[in-house]
Structure formats: structure tokens, C-alpha cells
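Q: Give the three-dimensional model of this entry:
(5 chains)
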Amino acid sequence: MIVRHTPRRWEIFLILNGSVVPRILPNIIGAALWAAAVLMLDRHVVAVPQIPIGAMGVFGLSLSLFLGFRNNAAYDRWWEARKIWGRMVSDVRSLAQELHIFAGQGPDETYILNRILAFHHLHRAQLRGDDVADTVRHWVGPEDADLLMQTENSPNAALRDIAARLREMAEDGRIDGFGQRALAERLAAFPAAQAGNERLLTTPLPFVYSLLVWRTTYLYCLLLPFALLGSAGWFEPLVAAVAAYVFFGLAEVTHELEHPFRKQANSVPLSAMCRVMEISVCNALGRPVPPKLEPVNYVLD
Amino acid sequence: MIVRHTPRRWEIFLILNGSVVPRILPNIIGAALWAAAVLMLDRHVVAVPQIPIGAMGVFGLSLSLFLGFRNNAAYDRWWEARKIWGRMVSDVRSLAQELHIFAGQGPDETYILNRILAFHHLHRAQLRGDDVADTVRHWVGPEDADLLMQTENSPNAALRDIAARLREMAEDGRIDGFGQRALAERLAAFPAAQAGNERLLTTPLPFVYSLLVWRTTYLYCLLLPFALLGSAGWFEPLVAAVAAYVFFGLAEVTHELEHPFRKQANSVPLSAMCRVMEISVCNALGRPVPPKLEPVNYVLD
Amino acid sequence: MIVRHTPRRWEIFLILNGSVVPRILPNIIGAALWAAAVLMLDRHVVAVPQIPIGAMGVFGLSLSLFLGFRNNAAYDRWWEARKIWGRMVSDVRSLAQELHIFAGQGPDETYILNRILAFHHLHRAQLRGDDVADTVRHWVGPEDADLLMQTENSPNAALRDIAARLREMAEDGRIDGFGQRALAERLAAFPAAQAGNERLLTTPLPFVYSLLVWRTTYLYCLLLPFALLGSAGWFEPLVAAVAAYVFFGLAEVTHELEHPFRKQANSVPLSAMCRVMEISVCNALGRPVPPKLEPVNYVLD
Amino acid sequence: MIVRHTPRRWEIFLILNGSVVPRILPNIIGAALWAAAVLMLDRHVVAVPQIPIGAMGVFGLSLSLFLGFRNNAAYDRWWEARKIWGRMVSDVRSLAQELHIFAGQGPDETYILNRILAFHHLHRAQLRGDDVADTVRHWVGPEDADLLMQTENSPNAALRDIAARLREMAEDGRIDGFGQRALAERLAAFPAAQAGNERLLTTPLPFVYSLLVWRTTYLYCLLLPFALLGSAGWFEPLVAAVAAYVFFGLAEVTHELEHPFRKQANSVPLSAMCRVMEISVCNALGRPVPPKLEPVNYVLD
Amino acid sequence: MIVRHTPRRWEIFLILNGSVVPRILPNIIGAALWAAAVLMLDRHVVAVPQIPIGAMGVFGLSLSLFLGFRNNAAYDRWWEARKIWGRMVSDVRSLAQELHIFAGQGPDETYILNRILAFHHLHRAQLRGDDVADTVRHWVGPEDADLLMQTENSPNAALRDIAARLREMAEDGRIDGFGQRALAERLAAFPAAQAGNERLLTTPLPFVYSLLVWRTTYLYCLLLPFALLGSAGWFEPLVAAVAAYVFFGLAEVTHELEHPFRKQANSVPLSAMCRVMEISVCNALGRPVPPKLEPVNYVLD
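A: As a prediction, the model looks like this:
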């Protein structure tokens, strides 16, 4: 995620970090060249038929609605991803609270809170392929970490360990029925969050939209110069380039936000959020607290 | 569901799989021919009155708003279907956790988790007519499977079996009141999800919208050539074809997403999600885990 | 609710069932006649001042936004009504499950499930005035049915009977505290759903919107011919008729969906949904199952 | 709230009740006069420069989007207010059910249900300044009512009385832990609803929007005549008046719905909803039932 | 938050407090000067090529959609912030109710309610850097306050104190399991709200949007004068200034609402809401009630 103050007026056109301009530069230049070519053809070779600007207006409107819809959907996905991770932070804190209330302090609390950290790191690895082996070993010990990481669905294995521990605590009378129920309910929040993240990871926007949007954007930029022939004159390549910037830029932004867990400048900062959980757990267990992650070159990982 | 990387620039116009072009090709060609015919008539036979392009603009705007509304509603249906199934995955995992916490491991756990898999396969059959007889027999045994599949609403029969088992467990003291309540609450999530899916299955968008949208799209494409007469010249069939592509394309996409459970390229992959549940159950029961389903020709079933 | 397959291309302009055309035909014809009259006046009597088509564009845009907003709001109401009823189906099924888990089979189960069916039928009568006397008598017996139907708010009286029975069951030890709490919680879902439906029934969209939308639509259709004078020629009545179809059509659709419980072609099929609940209850009680309701002339009641 | 059947065609332009026309009439007339003055100036005094109608189109579009956004937000506020009050009705009914299930009939039930009515009347007074002293005295007796009404936040005082009673019932064994918990949970619904209503009451839409919208609307109506000069001729004042009607009308409607609790024609009918609760409580206590409130001159209070 | 009555007609253009005009004045003046320069150049130096106004229409539409999207997203953030704080108020009141019901009055109640006030003040400090040391000392005593404020995440430390107290109350039998569970559940609402606020604080809208919106707005204002050359004449600087006012004004409003916790005129009034909680707590504890905070110069802090 990019963390940075609002740029000043003169900075707005200079910032490249987090901007999509580098990636769509070929399209912008291509649109300008194509517009110049059409203009040259019309002026110097043969009169080209013109498309009424009003017809392009309807076309542009449809394109704007497509892009607007896709943008809303992509932003909702990104924001939902952030909401789920925020909710996970609060569930970790509530789990710590409820362990304190129902089980008191002791090895059970330590065991469960360490495992829940392992769950989140392993889930992070599942979402974007981070290497978390060392981190997991740090929290649950090397043998347990290796056992966890050998299983098929390792985040779930961590939750199964917690469930087994809760069973054991109940059988030994270290928690009563109320505590068992409260902690089981809290524990169910984690697979729910995990399933939400898996949904965002494995189900992108329907592919058919991508096709429709990209095709329509290309068609629009191909036809636009024929509508500008009449009056724009030597402004034509500039107008075509601006249109390409606006439409391809939005398509590209949308494409990035659609995948909130990829390693990209605008993604959800999973490492930083896992660190927030670690801080909360250390606070709860009375341990020394690791520092917050800070953005590097304006990007928080 | 179509699973595929973002196409490169030159691929965008070549991909047919998942595209709606093949289905709306008659409309696109028809629109182009109609535009050519109007143009010929105007040039060579008799002067045709022209419609002001501004009037078509208002018309095109209304059409865009119709299509935009219908598109939003259809996408919401598709996404809700995916959300409900994702939630079902997490409820299966939570059920396994809570069985472990409140009842421990043993035949009760096996019985209930097998039945819940049967519920999901039977529900999948209810939603899109899959043949699930062998799969259900595999999980609950041949006699029980046949009993289940003979009843009217077989997914619910599987849930009734689980309810009966929970009653028996409580009466024999194998779970206490807390466990009984926790498991009963979890079990109530499945009919709720089932009712949500039945709603999406049996209640499409109001039929009156389909009529209004299709009729307006046809009227628009019929009238458009009269508005283009003035200036578009021999571009006219091309512009008409592009307009037909944009509007019929969106109408067709919408129509497909409106029915998220049909066997279509962009539907929710029910078989793959049932397999995810099977993997979770096998993990919980310590059994060998079946492989994930993989997309075939980019389509995940 | 209209249940019908997607019409083929040639059917689209022929279907009248579920269409709003018959109801807005006077408006469409009126708009065409008015346009023809303005045209005649301008051509043969006196030159009429013209409104710039661009000004009509802004007007048309505002009208589209009004209609679009009202359409969204009306569709949300319709869909919320369907959601609440779908949720009620699942709550009936969950109630049956929980009765089985906490109280086992016997006269209590029969009593409560019959009453809950009576609640839904009485609520249906409250919502759209159906005659449900015979149906209620069938499920709770003639005397009890007459007692229920004499009270002010008969659906609530049915719920009060269930509450009294739960109290009795708890006092006689036929359910424990956990069951009492689980069933009380489930029972609270029904007044919540009832209140939701009452809200949709008694609180239509604010009246001021209806006035604004209808007035603006009429003004638009009155002024449109003056904007078309310039170029549309003898197409003018056709364009006016199409505009009237689009705008009055959407206003009428919206008006219908705004009242999801009226006896209309596109309403929520309350009788069919009550039958689904009856099937679920008969399944739970092991009784013979009545058939599903089928659409009559494409309309499901 | 205005309760009235859909007006017939000829009634649409005659209804004043609930219409915003009376309040924006000065603006409509002003806009027409201003347009006439500009026209006279241009024709008879000095040629006035013209604004291209296309530029006004972009302006009109932005204005429509502003108004559309504000309208959505205001409608959501109004509908949320209605939802909260509908939910309160159902919570009163559920409270009565749960009192019956867990505490049985008797003075506790009467005490609590009377207090909850007092809470709603006092909350209504808090929201729109109604004089509810007599009503509250009727339900809780004169002394208790006066005690309640002397406190700072009287609705909350009524809830505190209920909490104290529940504590007393639990200490005397008149309810067990399950009932205590169920009723405490239900009781928490009322401060939540109260906080929701307080939010809608004290936090209007950000003031900056009001400024932006009103200023833009005035600017638009001031500039519009210069764009119409070219062609509209003596239609110009009419077109200006219609534009003023549409834009000021929507701004005014929005302003009214933004405050759902004021004493206005389109507000939420708090008195009628409190009466619905009284009917439910009387039903639960077996008392004679007061009549529903009916609309007076189409307005339900 | 700005608290003020609807301004009268003549006040609308005079109010500066809460308006964004002062901040965007350079942009408005710049746009007007630029338009005047282009006009002078075209008239007196060299004929400048013109951009068709229709092309600017499509551009303006895209810009409106960008700004509209960003505005919706920013308003949703602001409104969510207000909702979370409203919910916190109701959770404080419910906590007081439930303490009364399950634990009765006494030192436990006082301790927990004082800590929860400390939590909210500390959280307010975390959100916008207020100095709350004295206030916290007032509610929990100087030593405890200093202990709290030394920890890393001081709001959470306050919640941990409450959890420890609940544990102690349960171990000493001052609450039973039901009360323990009810209070633990309520206590979990506060970290959830805190996580929601932290999300709004630390995750602004994706930076890439800001770039895209600001760049597009600047480009639009740079190109607009070339489109107005044809007809607007000496109105041109005025039209350019109005366009700059509308587009930069919306961008600036959006930027302000995007950060609902900053010390700005339109922000959520955290101090006032903390005072509302203090009043509720004093009511519950029977202490003298501090006065509500009042707006200063129309601004509520």
C-alpha cells in the first residue's frame, strides 16, 4: 500500500511511484501516433469519412459506464479484503481478551495465541506466496512449525491444533462450558475470514468483463481520430493521447485493485497487518513488543 | 468459471472461449447489413429523413442506464452466489472444529461430516442437475445414499439425519447442553445458505426488465442508421456493428451472470467448491486427501 | 412472478404477458399524436420556435437519473421482499431441526410446526388480503383457527401460542434451558421478518418522488417535439413514441416492483412460498407431501 | 408520511399536498423572469455573448451527479430511519414473546412492557419534540413518569428501570440464567436503535455538500439563458422554468428526506409506529387494543 | 462537524466557514486567467486550433464519473466512521445495562465503566492526536492513567484491565457464567470498533486514484479554453472559472471527507461523542452529569 501525503500542486505530474502511467505509456503513445497517421492520411492522401462526434459520445458514455462498473467492483473487492484483515486483527485481540476472561493466564493462553499468529502467517503465505517458514518457527517452535507446514492446508492445521487444545482444556476442567462455547465461537471467525480471502483470491471478476472492457477501449481509441478530423486540427494527437490516458489508465487501475493480495504498490499490506497482530499478542502475553513495519520508498508491504 | 491470466495486447481480439461474440454475431452482422441497406436506400433510391444525433444521444443514455442497472443486478446475483458457497466452505470447516471441541473424535464426527458432504453434493444436484449418486454413495454408503435420494428434498433429509444424530448424542450424554447448542446453531447455517441459493435459482430478475431491455436495444439498433446518415458515410455499417457489439454484448453477459448456477463458462464452480469441502473434511478426519479440481481448457467446473 | 424461458429473437416484440405496454399504450399513442400535431402546426400553420436538442439532452439526462434512482429503489424493495420470504423458509426449516434436536419428536413438534404454518398463511393474508381461512383450519384445526382469526393481529397471535407452549414445555421439563433459549431465539426471527414485510407494505417510496418523476416525464414528452422539429421530419412521431415507451415504460415497471406484495404479474409468489414451507414441515413430521405450486399461464402465484 | 393512491393522469399536475412546488415557486418564477430579461436585452439592447450548449451540457451533467449523489444519501437516511423504527416494533414483539417464554405472565411482564412503551414515547419526544407527558403517565403511572421525565436522558432512564427489574427478578429466582441472558440481549437492541436514530438526528449530510449543491444550482440557472439564446426564442423562459423546477425540486426533496424525523409531510410517522407498539403490547397483556392511527388529509403523523 | 441551519437564499454565496472556496481559489483564478490568455492569443496573435465541444463532453463525462466514484467512496468512509462511533455510544450504554443486570451496582461497575471511558479517550488520542492525559487521569485516577499511557497500545491496555477484572469477578463468584459470557461478548465490540477506525485511519483511498483524479482535472481545465473558443466570447473566463469551481471543489470536498478523523470543519466530532458517553456513564452510576459540548463558531469538535 502506498503511504504518502497529498502531493502539492507542482508534484502532481511528476510522481511515478504508484502511478499507472509507465505501464500504459505504449497505449498513450500508440493512440497519439494513430491519430497523427489518420490526420496525415486525410490531409495529404485521401479524404477519410468522418464519424459524427455525437455517435462517439454515446460510445464514450457506454465505455464510461463499463469502466465505472468495473472500477466499483474492483474497489469493493480491495476494500473488502482490507475489511476482512482488519476484522482479523480485532478477532485476535478479542481472542486474547476472552482467553484471559475464561481461562486466565498460563500455558494455554500462550499456546493458543502463538498458534493463531502461525495461522495468519501461513494464511498470508497461501494468499501471496510469502516465505513464512522462519516466522512460523519463531512462534510455534521448529518441530511444530514443520509439522504444520507439511500438511495440505497448513493454516487450517493451525486452527485444528487450537480446537484440540480447547477440547483438552474442557476435559481437564481448565475452562467451563461457557468458556468453551465463547472460545469456539471466536475460533469460528477465522475460517470465515479465510474463506472470504480465498474467495477474493480465486474468483476474479468474470473474465468476460475483461474482454468486453479491453475490446471496447481499443475500439474506442481506434475510432476516435475519425471523429476528431473535422475541427481539432493539430490538437488531434493530444486529444487522442488524453483519451487513451483516461480510459486505459482507469482500466489498468481497476485491474490492479481487482487482485488485492498480489505484491503490488496498491495492495493490502499483509506483512504490516500480521505485525500488528504480533504486537497485540505480545501485549497480551506481557512480552517485549516488536516494532511496527514502516513504509519503504512510500510502499508498505 | 474461467481461470486464465490477463491476455496480452495482441490476444485480446482473438480469444473466443468465454467471449460472448459467437452468440451475438448474428446481431452484429444484422446491424451492419441494416445500416448498409439504409445507406444504399438513401443514396440511390430515395432521401430518407434523418434523426438528430442528439435525440439518439438521450436514447443511448437511457439504454446505457437500463443495461447498467441490469448489469449491476446480475453481477450482484453472481457474486452473492459465490459468497454463499464460500460461506458454506467456512461453515463446513467450523462444523469440523466445533465437533472436535464439543464431541471429540469418533464415529459421531465421521457420521456428521460425511452427511454434510452429502448435503452439499445433493444441493449441487438440486441447483444444476448434476448426477451425484455415486459421490453420495461414496460418502454415506450405498443404503443410506439411496434412502436419502428417494426423499422429496434430499439435501434437507441429510440435515435431518444430522439433527437426529445430535439428539441421540445429547440423550446419551456424548455432548452437553453447550455443545448441543453450538452445533445446532452451526447446523442452522446450512438451510439458510440453501434458501439463499434457491432464491437465486428460482427468482430471476423480473421478466419485465428483460422485455424492456431487449426491446429498447433492438429499437436503438434499428433507428441508429437514420441518425448516422448525415456524416458517417461508408463508416456507417462499422459504427452500427460496434454499437451492436457493445449493447448486445452487455445484454448477453448480463443474461449469463444472472443465472450463476447454470453450466456455463462464467458460472460458479460448484464441483470444485464441493471438492474443497471434501478436502477439509478429509483433513479433519485424518484421511488421505483427494486432489483439487483443475480447470479444463481454462474452465473450472 | 413470471416464470418463462428467455424469449427467442422473434418473440421479443410479441409477448404481452408481463409487459407494461398495454398499460402505457395511451401515453405512447398520445405522444405520437402530439408530435404529429406540432409538426403539422409548424409546417402548415405557423413557424413554431425550436428548443435546442442540447437543452433537451440535459433534461433527458436528469429524467434518466430520476428514473434510474427510482428504479434502483423499487428493485431493492422487491428483492428485499423476496429475501425476507426466502429467509422465512430457512427459518421454518431451522425451527424444525432445532425442535428435533432439543425437544425430540412428539406432539410439541407437531403443535409448533402447525402453528408456524398458520403464522405464515395469516401473514400472507395480512400482506395481500388472500382468503386463508380454510388453509389455517386445515393446519391448526377449526376451533383454534377461528380463535386465531378473531384477534386483531392474527399472525402474532399464532406466535404467542407458540411462546406459551414453549413456556409450558420448559415448566414441565420437556426442554432444558439450552433448548428454551435456542427456540426462543429462532422464534424471534419471525416477528423480525414480519416487521420487515410490514415496512415494505405500509411505507412506499416517498410520494414526492412519484410526483416529481411523473411530472418531469410528462413535461419531457410535451417539449420533445419542439426539439425534433429541425431535422427528424416525418420520423418525429416515431421518435416521440419511442421516447414515451422508454420513459413511461420504466416509470410503470418501477411502480409495479415498488409494491412487491400486490397481486401482480411480477410480484413475490407468496402462495408458492407458503407451499414450500408446508412441504418442509410435512417432511419434518414424516407426513405425505403436497405438490409444489406450478405457474399458470407463466405466472406463479 | 403521505399515504395516498397513485394519482390518475389528470391529477398529476394538480396535487399540491406533499409537493415541493409551493416552496420552490419563487425560484421557478425567478428563473423564468431572468431568462426573459436576458432575451430582451439580447434582442433589443445589445448582443449578448452566447455560451455553447455543449459546455452547459457538461455543467448540467455535473450538477445532475451532485444532486443524484445527495438524493441517494438523503433517501438512504430516510429509509434507514424507517428500518430502525420497524426493527424496534419487532423488538418490542420479541421482548413480549421472550418475557412470556422465560418469565411467564405476571407483574414483571406488565412492568417491563409498560416501561418499554415509555421508552419509545420518550425517544420520540427526544427526536422531534413531541409532548408525550400524558402518554407516558398513562403507561407507567404519574409518579414514575415524572421521575423519568426529570432525568437528563429520559429514554435511557426507562431502560435502566428495566435493567434493575431484571436484576431483581434474577436475584429472586423469578428467571434463570438463560432468561436473564436472553432478555439482556434483547434489551441491548434498544440503545442500539436509539443510537442509530440519534446519529440520523444530529449528523446531517456534511454542510459542505449543501453549499456546493446550492451554489452550483444557482450558477447553472444564472448561466442557462445565455446558452439558450441561439435557438429557443420565446420558449426560453419556459425552458428555464422547467430546468429550475427539475433542479431546485430535487434539491428541495433531498433536503426534506435528509431529516427523517422532522414534522414534515414526508417524514417517518413516529406517532403511528408508537401506536403499533402499543397495540402489540396490549395484545401480549390481553388488554383492550387501541385503534390504529389513520392519515389525516393524506398525512400519517 | 459543522452544525448550522439551512442558509437563506441570500446567504448561500456569502458563507465561507466550511466552504472549500478559500482553498481552491488559486485554481479558480488560474483557470480564468488561462482562459483569458488563450482567448487573447487566438484573437490578437495567432489562430489557435479548436477542440470540438463534443470531445470535451466525453472527457467531462469521464471526469464526472471519476469524481462521482471518489466522492461516494469518501462519503462512505465518513459515514462509516460516524456509524462506528454511534455504535460505540450504544455499546457503552449496553455495557452499563448488562453490568447492572449481571453484576449489580458496586465497585466493579464503577471500575469497568471508568475504564471504558478511558478506552474511548485514549482511542480518540490515537486517532487524531488529542491530548487526553488529564481526562484519563480524571476517570481512572492518576497512577492507573500513567500506567495505561506508558504502554504501546494504550486503548487496548484499558480493555485488558477490564478483562482481568471480569476474570477476577468470575473467580470470586461475583458474576456467574451467564454474566461472564454476556460481558465478554459486549467487551469484544470495542476492539472490533477500534479495528474499524484504525482501518479508516491508516488506509486512505488508493493513492493511484488521487493521481488519476487530480491529473485528469488539471488536464480538463487546461484543454477547456480551446473548446470554448468558438462561441463563448468574453464569457469564456467565467465559464472556465465555474468549471474549475465545480471540479476542483468536488475533488477538495472528497479529499476532506476521506479523512474523517482529522481536525477539520467537516470531521466526525470525537470530543462531543466522548462527552455523550461520559453523560451515559454518569447517568448509570448516579453521578452529576457534565454538560453536552456545544458547537463553537458553528463547528462541533
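Q: if you average pLDDT over the lengthiest helix in chain A, what comes out?
A: Scanning chain A for the longest helix, with DSSP state H as the assignment, gives helix A:53-103. The average pLDDT for helix A:53-103 rounds to 91.
Q: does chain B sit close to it?
A: Yes. On the criterion CB under 8 Å from any CB of the partner chain, helix A:53-103 is in touch with chain B at A:Gly54, A:Ala55, A:Gly57, A:Val58, A:Phe59, A:Leu61, A:Ser62, A:Leu63, A:Leu65, A:Phe66, A:Phe69, A:Ala73. (C-beta placed from N, C-alpha, C; glycine too.)
Q: what stretches of the stretch 101-250 of chain A score poorly on pLDDT?
A: The model of the stretch 101-250 of chain A has pLDDT under 70 over residues A:230-232.
Q: residue in it nearest to chain D?
A: Residue of the stretch 101-250 of chain A nearest chain D, by CB to the nearest CB: A:Phe178 (9.7 Å).
Q: Pull the distance from stretch A:242-259 to the chain's centre.
A: Offset of stretch A:242-259 from its chain centre (CA atoms, centre = their mean, to the nearest Å): 16 Å.
Q: can you dump the C-alpha coordinates of that stretch into PDB?
A: Extracted in PDB, the C-alpha atoms of stretch A:242-259 (Å, rounded to 0.1, in the frame of the first residue of the first chain):
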ATOM      1  CA  VAL A 242      -5.500  12.300 -23.300                       C
ATOM      2  CA  ALA A 243      -8.500   9.900 -24.000                       C
ATOM      3  CA  ALA A 244      -6.100   7.000 -24.000                       C
ATOM      4  CA  TYR A 245      -4.700   8.100 -20.700                       C
ATOM      5  CA  VAL A 246      -8.100   8.400 -19.100                       C
ATOM      6  CA  PHE A 247      -9.600   5.200 -20.400                       C
ATOM      7  CA  PHE A 248      -6.500   2.900 -20.300                       C
ATOM      8  CA  GLY A 249      -5.500   4.400 -17.000                       C
ATOM      9  CA  LEU A 250      -8.800   3.500 -15.400                       C
ATOM     10  CA  ALA A 251      -8.800   0.000 -16.900                       C
ATOM     11  CA  GLU A 252      -5.300  -0.500 -15.500                       C
ATOM     12  CA  VAL A 253      -6.000   0.800 -12.000                       C
ATOM     13  CA  THR A 254      -9.100  -1.400 -11.900                       C
ATOM     14  CA  HIS A 255      -7.000  -4.400 -13.000                       C
ATOM     15  CA  GLU A 256      -4.600  -3.800 -10.100                       C
ATOM     16  CA  LEU A 257      -7.200  -3.300  -7.400                       C
ATOM     17  CA  GLU A 258      -9.100  -6.400  -8.600                       C
ATOM     18  CA  HIS A 259      -6.300  -8.500  -7.100                       C
END
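Q: if we can go back for a sec, state the distance from the residue of the stretch 101-250 of chain A closest to chain D to chain E.
A: 4 Å (CB to the nearest CB, to the nearest Å).
Q: ok, which pair from the residues of helix A:53-103 next to chain B is furthest apart?
A: A:Gly54 and A:Ala73 (29.4 Å; CB to CB).
Q: Neighbour count: those two, which is higher?
A: When A:Gly54 and A:Ala73 are compared for neighbours, A:Gly54 comes out ahead with 24 against 20, by other CB atoms under 10 Å in any protein chain shown.
Q: Once you drop chain neighbours, what's closest to the more buried one?
A: B:Ile53 (3.4 Å; CB to CB, 6 or more residues apart in numbering or on different chains).
Q: The one you found and B:Leu222, how far apart?
A: Distance of B:Ile53 to B:Leu222, given as CB to CB, to the nearest Å: 16 Å.
Q: next SSE after the host helix or strand of A:Phe226?
A: A:Phe226 is located in helix A:207-228, with elements delineated by DSSP states H and E. Next helix or strand after helix A:207-228 toward the C-terminus (DSSP H and E): helix A:236-257.
Q: what comes into contact with stretch A:78-90?
A: The contact list for stretch A:78-90, computed with CB atoms under 8 Å, 6 or more residues apart in numbering or on different chains, reads A:120, A:189-190, A:193, A:196-197, A:200, A:257-258, A:260-261, A:266, A:268, A:270, A:273, A:276-277, A:280, E:191-192, E:194-196, E:198-199, E:203, E:206.
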